[in-house]
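A.B. asks: what follows is a predicted protein model with its sequence.
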Amino acid sequence: MKRLIVERNRYFDSVFLMRISSELEKLDEIAQAVVAMATPINLENLIKSGFELDAGTAPLRPADLMIAIDAETDEAMTSARSRLEELLAGGTEDESGASAARPSSLDEALATDPGANLALISVPGTHAAREARQALRRGLHVMLFSDNVTVEDEIELKNEAIERGLLMMGPDCGTAILNGAVLGFANVCRSGGIGIVGASGTGIQEISSLIHQWGGGISQAIGTGGRDLSEAVGGRMTRFGIEALGKDPNTDVIVVVSKTPSSAVAERVIEALAATQKSAVVHFIGGRAEKLTETMETTATLAGAALAAVAKAGLDEPPSNHSDHLPEGARVDSDYFIRGYFCGGTLCQETCNILHQAGLDVHSNVAGDPTKKIHPEAQETGHVVWDLGDDAFTVGRPHPMIEPSLRDDRVAQAGEDPTVSVVLADCVIGYGAHENPAGSLAKAATRAAEVSRQAGRRPATILASVTGTDRDPQNLHRQRKILEDAGVIVAPSNAAAAHAAVDLMKGGAS
């Protein structure tokens, strides 16, 4: 039985609701559970899934809560509703029995903790700009997780923040590391002399994690929101972040990562870096490696940016031969194809670029070339890589970094396709991510291999990388071992996995 319930004016953070949906779907006799805010696209998706609003229901608003449950029995429905209320109330309270203070306004929060200097805001987009403005006017740095904020509001907020000497990270900013504090989707890295400014969440994660793995440390990692380097916003917060790191005595090397901006915005970013007179590395996704000055360079990959930063910080250079990570004698049928299934959008884009630059005819939902761009419902033919965190895949369901079942199902299904010879996947750990993404990916890889063998075929080679550190809750080394034990080839970086796939398609290790 399917039931769609609406609770008016009951707002919760979308990431929080995604986790709740995932918890409810683990209950017995629950086929599907979606707890989401009543945005038009969320409602449309639920209706497509067979849920219906009661006749006469007044129009929904984005601040209304929708609860959609498909239960096998009335008892299961009742149990799910009961568990939902526990989860919405904060699970089982604090395990120690102490109830944490829950301020209901910014003023109450500041009264509870007068020393706070940053506000992390996640409210509906229609209210986000107002809340961010109030926080700035109270002297708080802002990390704005919310999206659906107008460009005009973003520009005004960032101008006001800069005037006040404050960070305005976002809108749609999900990753930051400030003074060692991990915010949003981020990894636990040692402190050090490398600072990052990024308009890419998983880009920051990949670079900061590799810097840590290779012996370096992070002074600050400042997120800016994905639109910051657009022509309209002009890199306002990126340039402000660069200036702040330039003045920071604990930062020796500055790294900038983002999608490729217009030439005018890129020039402003380069000028801001040059003005700091510090060593700098720039990675514009899809760009190429180039030495700009004696102290500044661009890189072709995220791993290249981390490697360059570590070198500029005076640390030992780690090995970077991608083919060394292919098992001896590894070969695939080069007449067949690569499939890539990614939770991180930037990691997917990087893979797509590497395959394209190697001469492979690759299609993707993140392809920059319109002739190579495919719709999420398109049939997979040829070389295809998917960003499964795209909005088209996540409406009404958890993001795959939180719940990777969508990625895992695709990996397992690849075992049924005789034209697939290589499967690429990412595994992103850290705060905000699934508690054991390697475990679920390993099971999918095992299922894919079993299906292939039952059909009398050689299983596809599965390549992956783990974005994270040994200090993350999931632990980098433990996650890698889980994958390796399942027969997955684990590369040292996302770029290395993509290069290894190219090597395999061209006849093995070269």
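C.D. replies: Arrived safely, thanks for sending. Remember, it's a predicted structure, so these values are computed and weren't measured experimentally.

A.B. asks: rest of the way, CA atoms for contacts and neighbours
C.D. replies: OK.

A.B. asks: tell me, how many residues neighbour the closest residue to Thr295 other than its chain neighbours?
C.D. replies: Closest residue to Thr295 in three dimensions, ignoring its sequence neighbours and counting by CA to CA, 6 or more residues apart in numbering: Ser279, at 4.7 Å. Residues near Ser279, counting by other CA atoms under 10 Å, number 23.

A.B. asks: touching, Ser279 and Gly314? I think so.
C.D. replies: No. Assessed by CA atoms under 8 Å, Ser279 is found out of contact with Gly314, at 11.1 Å.

A.B. asks: quick check: beta-bridge partners of the residue nearest to Thr295?
C.D. replies: As for beta bridges, Ser279 partners with Val253 under DSSP bridges.

A.B. asks: gap between it and Phe240?
C.D. replies: Distance from Ser279 to Phe240, counting by CA to CA, to the nearest Å: 17 Å.

A.B. asks: returning to that earlier point: in contact with the residue nearest to Thr295, which residues?
C.D. replies: 252-254, 295-296, 312 (CA atoms under 8 Å, 6 or more residues apart in numbering).

A.B. asks: so where's the chain shaky on pLDDT?
C.D. replies: 91-102, 319-331, 395-396, 508-510 (pLDDT under 70).

A.B. asks: one more time with 50, if that's ok
C.D. replies: Across the chain, residues meeting the criterion (pLDDT under 50) sit at 92-99, 322-323, 509-510.

A.B. asks: select the longest helix from it.
C.D. replies: Longest helix in the chain by number of residues (criterion: DSSP state H): helix 437-454.

A.B. asks: and that helix, what does it pack onto?
C.D. replies: helix 405-414, strand 420-428, helix 476-485 (3 or more CA pairs under 8 Å, 6 or more residues apart in numbering; DSSP states H and E).

A.B. asks: ok, which of the ones you listed comes nearest Ile155?
C.D. replies: strand 420-428 (31.2 Å; CA to CA).

A.B. asks: pull up the pairing partners for that closest one, direction included.
C.D. replies: Here, using DSSP bridges, strand 420-428 pairs with strand 337-342 (parallel), strand 461-467 (parallel).

A.B. asks: could you give the separation of that strand from the chain centroid?
C.D. replies: Its chain's C-alpha centre lies 16 Å from the corresponding centre of strand 420-428 when counted by CA atoms, centre = their mean, to the nearest Å.

A.B. asks: need the next SSE after the helix or strand containing Ser219, C-terminal direction.
C.D. replies: Using DSSP states H and E, Ser219 sits within strand 218-223. Next in sequence after strand 218-223, counting helices and strands by DSSP H and E, comes helix 236-247.

A.B. asks: for that following helix, packing partners?
C.D. replies: helix 151-164, strand 191-198, strand 253-259, helix 263-276.

A.B. asks: distance of Gly241 from Met168?
C.D. replies: For Gly241 relative to Met168 (CA to CA), the value is 10 Å.

A.B. asks: try Asp316
C.D. replies: 35 Å.

A.B. asks: the more surrounded of those two?
C.D. replies: Ranked by neighbour count (other CA under 10 Å), Asp316 and Met168 place Met168 first, with 32 against 13.

A.B. asks: ok, the closest residue in space to the more buried one that isn't next to it in sequence - contacts?
C.D. replies: Distances taken as CA to CA, 6+ apart put Val142 closest to Met168, at 4.9 Å, once the chain neighbours are dropped. Counting by CA under 8 Å, 6+ apart, Val142 touches 118-121, 132, 135-136, 166-169.

A.B. asks: 10 Å instead?
C.D. replies: Val142 sits next to 117-121, 131-136, 157-158, 161, 166-171 when contact means CA atoms under 10 Å, 6 or more residues apart in numbering.

A.B. asks: swap in Asn117?
C.D. replies: 110, 135-136, 138-142, 166.

A.B. asks: repeat that for 7 Å
C.D. replies: 140-141 (CA atoms under 7 Å, 6 or more residues apart in numbering).

A.B. asks: same check on Gln349?
C.D. replies: Contacts of Gln349 by CA under 7 Å, 6+ apart are Val366.

A.B. asks: assign it to helix, strand or coil.
C.D. replies: Recorded secondary structure, Gln349: helix (DSSP: H, G, I helix; E, B strand; the rest coil).

A.B. asks: so the spatially most distant residue from the centre of the chain is in which element?
C.D. replies: The centre of the chain is farthest from one residue, Gly56, which by CA atoms, centre = their mean lies 39.3 Å away. Using DSSP H and E, Gly56 sits in no helix or strand.

A.B. asks: ok, it to Asp252 distance?
C.D. replies: 62 Å.

A.B. asks: secondary structure of the residue nearest to Met168: a strand, I assume?
C.D. replies: Yes. Per three-state DSSP, Val142 lies within a strand segment.

A.B. asks: if it is in a bridge, with which residues?
C.D. replies: Applying DSSP bridges, one finds that Val142 bridges with Ala119, Met168.

A.B. asks: please renumber the chain so that the first residue is 20 from this point on.
C.D. replies: Okay, residue one is now 20; in that scheme the one you just asked about reads as Val161.

A.B. asks: re the thing from before, tell me the angle of the strand holding Ser238 relative to strand 272-278?
C.D. replies: Computed by axes from the mean of the first three to the mean of the last three CA atoms, to 10 degrees, the angle separating strand 237-242 from strand 272-278 equals 20 degrees.

A.B. asks: strand 237-242 packs against which elements?
C.D. replies: Packing contacts for strand 237-242, counted by 3 or more CA pairs under 7 Å, 6 or more residues apart in numbering; DSSP states H and E, involve strand 194-197, strand 210-217.

A.B. asks: and the contacts of the helix or strand just after the last one?
C.D. replies: Proceeding C-terminally, strand 210-217 gives way to helix 220-232 as the next helix or strand, assigned by DSSP H and E. When contacts are taken as CA under 7 Å, 6+ apart, the neighbours of helix 220-232 outside the stretch itself are 193-194, 205-206, 208-209, 217, 236-237, 276, 321-322, 324-325, 329, 363, 365-366, 486-488.

A.B. asks: over to stretch 259-269?
C.D. replies: 212, 214, 216, 238, 241, 270, 291-292, 295, 297.

A.B. asks: how about a cut-off of 8 Å?
C.D. replies: So stretch 259-269 is in contact with 181, 186, 211-212, 214, 216, 238-239, 241, 270, 273, 291-292, 295-297, going by CA under 8 Å, 6+ apart.
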